[in-house]
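S.K.: Build me a structure from this.
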Amino acid sequence: MAYLNEVDSSTLTDWLNNFDNCPNNIYDPFQDNEIDFSLETYDILCANNLNHINIYFGLDINENPKLIAVGSYLLDEFDGEVKTGFADILDPDKVFELYADTTISLALAKQYTTKWNDDNRGSSLFKYSALLPRPNFIKLFKEDQADPVRIFFGMDDNDELKVMQKDPNGGTGTFVGNTGFFCPNDCTQQGLLSQ
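M.R.: Modelled structure (predicted):
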């Protein structure tokens, strides 16, 4: 399997420079703290590689960044009237705060995301979450045997946030971008924010 949406080194450099030079970048605290997504956590969330990963931005009461991860799946005809979009899997034993690499309660996850939303909703850069499609995680974790996978951020020339993944331990040395769905504008039909 090949990576989807692989980013060449020139584009990556541009995106990282844009991110670093963006004034009032609300995502700086997330980039300043390494985000390592472990294979063990991925295996819990992915349901045998069936699920995508939805990450939510959050803040605690001291403004420390929190990145919450849940599994998510594509709705289909078996899910009732809604035939498009994604639904998060909000099993209390499968809601992870990635910096601590541990499960947290839905109530605490909601508290973190609510603070993020309240503090940043007025920013033109604001996003609630990003859905990261599963193929690159399958490639990194299963085929390349990376553990952990680094999640990090860039910004294109239009100040659009880019969420990327890579093997921080070398591996193939490939940096990978994604065309993940951002919320807003593409929110999950059923998710942490609808609880």
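
S.K.: Look at stretch 150-160 and report the distance between its end residues.
M.R.: Start and end residues of stretch 150-160 are separated by 20 Å (C-alpha to C-alpha, to the nearest Å).

S.K.: Please compute how far that stretch lies from its chain's middle.
M.R.: The chain centroid and the centroid of stretch 150-160 are separated by 12 Å under C-alpha atoms, centre = their mean, to the nearest Å.

S.K.: and what of stretch 12-22?
M.R.: 18 Å.

S.K.: List the buried residues of it.
M.R.: Within stretch 12-22, the residues that qualify as buried are 12, 14, 15, 16, 18, 19, counting by 16 or more other C-beta atoms under 10 Å. For the C-beta atoms, the positions are set from N, CA and C on the backbone; glycine is no exception.

S.K.: who's in contact with it?
M.R.: 7, 25, 27, 31, 125, 153-157, 159, 162, 164, 175, 177 (C-beta atoms under 8 Å, 6 or more residues apart in numbering).

S.K.: same deal with stretch 56-66?
M.R.: Contacts of stretch 56-66 (C-beta under 8 Å, 6+ apart): 27, 29-30, 33, 67-70, 97, 99, 109, 111-113, 115-116, 119-120, 127-129, 192-193.

S.K.: Strands - which of those land there?
M.R.: Within the contacts of stretch 56-66, residues falling in strands by DSSP state E are 67, 68, 69, 70, 97, 129.

S.K.: residues near the nearest residue to the second one once chain neighbours are set aside, how many?
M.R.: Closest residue to residue 68 apart from its sequence neighbours, by C-beta to C-beta, 6 or more residues apart in numbering: residue 56 at 4.3 Å. Here the neighbour count serves as a burial measure; for residue 56 (other C-beta atoms under 10 Å) it reads 26.
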